[in-house]
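**Q** 3D, please:
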Amino acid sequence: MVQKQYDLSRPYLNATETAYFIHYEKSQFHADVKNRPDFPKPIRLSDHKVLWKKADLEAWLTAKMVFENDG
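**A** Residues are numbered from 1 along each chain as shown. I've put the predicted structure just below:
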C-alpha cells in the first residue's frame with residue numbers, strides 16, 4: 001500500500017491534511033473532531049473549501065497533550 005504524501009509546510013491545511021496532521025483518520029475527523037467545541041474554527045472560503053490555520057492546530061495539539069499529561 002502506498003502512503004499518500006501531504007504538504008504540511010503551508011500555513012493553512014484542508015480537511016484531509018488537517019486530519020493527517022492531528023493523527024486522526026479522515027472519517028473520524030469529519031464525524032467527531034471537527035465539531036468539538038475546543039477544536040479550532042475553520043476558515044470557510046466557499047461552500048466546498050474549508051481550511052484550518054496550522055498554528056491554531058499546533059496550539060490545540062499542545063493544549064491537548066498538556067491536559068492528557070496532567071489528567
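**Q** residues contacting the residue positioned nearest the centre of the chain?
**A** Using C-alpha atoms, centre = their mean, the residue of the chain that lies closest to the mean C-alpha position is Thr18, 3.3 Å off. Taking C-beta atoms under 8 Å, 6 or more residues apart in numbering as the definition of contact, the neighbours of Thr18 are Phe29, Lys34, Trp52, Leu57. (C-beta placed from N, C-alpha, C; glycine too.)
**Q** equivalent analysis for Trp60, please.
**A** Ile22, Asp38, Phe39, Pro40.
**Q** and Ala15, by the same measure?
**A** By C-beta under 8 Å, 6+ apart, the residues touching Ala15 are Lys26, Phe29, His30, Lys34, Val50, Trp52.
**Q** likewise His30?
**A** The contact partners of His30, taken as C-beta under 8 Å, 6+ apart, are Ala15, Ala19.
**Q** redo that, cut-off 10 Å
**A** Ala15, Thr16, Ala19, Tyr24 (C-beta atoms under 10 Å, 6 or more residues apart in numbering).
**Q** show me where pLDDT drops low in the chain?
**A** Flagging of the chain using pLDDT under 70 yields the residue ranges 1-3, 69-71.
**Q** all strands for it, in order.
**A** Here the chain has its strands, by DSSP state E, at 12-13, 43-44, 50-53.
**Q** turn those strands into a markdown table, including distance to Glu68 and mean neighbour count.
**A** Output for those, formatted as a markdown table (distance: least, C-beta to C-beta, whole Å; neighbours: other C-beta atoms under 10 Å):
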| stretch | distance to Glu68 | mean neighbour count |
| --- | --- | --- |
| strand 12-13 | 22 | 19 |
| strand 43-44 | 27 | 11 |
| strand 50-53 | 21 | 18 |
